[in-house]
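Colleague: The sequence and its predicted three-dimensional model are supplied below.
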Amino acid sequence: MAVIKIIPSKGSLKKIIDYVLNKEKTDEKIISGKDCSPNEVAIDEMNTTRELFNKTDGLSYHHIIQSFKPGEVTPEVAHEIGKELAEKQFKGYEVLVATHIDKKHIHNHLVVNSVSFVDGRKLISNKETLREIKWESN
């Protein structure tokens, strides 16, 4: 059973994406993009979506951390679980998924654009959203 943490942020997409793509923490085989590139190009893609809908103020992204107990999953299984969560929970939003293997507990980082590329809606994070994500994750 994964532990989920959601961090809505007004911070720099470049900074968070550089962190989740850090080669000392992950491997390129366990990095994926849902409706975006699985690399630094995702920064421009997500920023372009926000600019297209004139929603450059406020939250830039939602950072979701999905952590597993040591030995609970392999990096590949953890990554598949993260990709499934992105597909089911964030339809219409660009999501970069990276699995970190630098600690005893394997964990996923999902960077979710705050603006939908489909209709420009802002993603809302609240207690209900967290409950849905936790339910979907397990």
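Modeller: Structure received. Just so it is clear, the structure is predicted and the values come from calculations on it, not from any experiment.
Colleague: CA only for contacts and neighbour counts going forward, please
Modeller: Noted.
Colleague: Phi and psi next, for the nearest residue to residue 102 once chain neighbours are set aside.
Modeller: In space, and not counting its chain neighbours, residue 102 is closest to residue 25: 4.8 Å by C-alpha to C-alpha, 6 or more residues apart in numbering. Dihedral pair for residue 25: phi -110, psi -20, per degrees, to the nearest 10.
Colleague: Could you pull out the buried residues of the least confident helix or strand in the chain by mean pLDDT?
Modeller: Sorted by mean pLDDT, DSSP states H and E, the helices and strands of the chain end with helix 127-137, the least confident at a mean of 79. Using 16 or more other C-alpha atoms under 10 Å as the test for burial, helix 127-137 gives 133-134, 137.
Colleague: what's in contact with it?
Modeller: Helix 127-137 is contacted by residues 1-4, 6, 81-82, 85, 88-89 when judged by C-alpha atoms under 8 Å, 6 or more residues apart in numbering.
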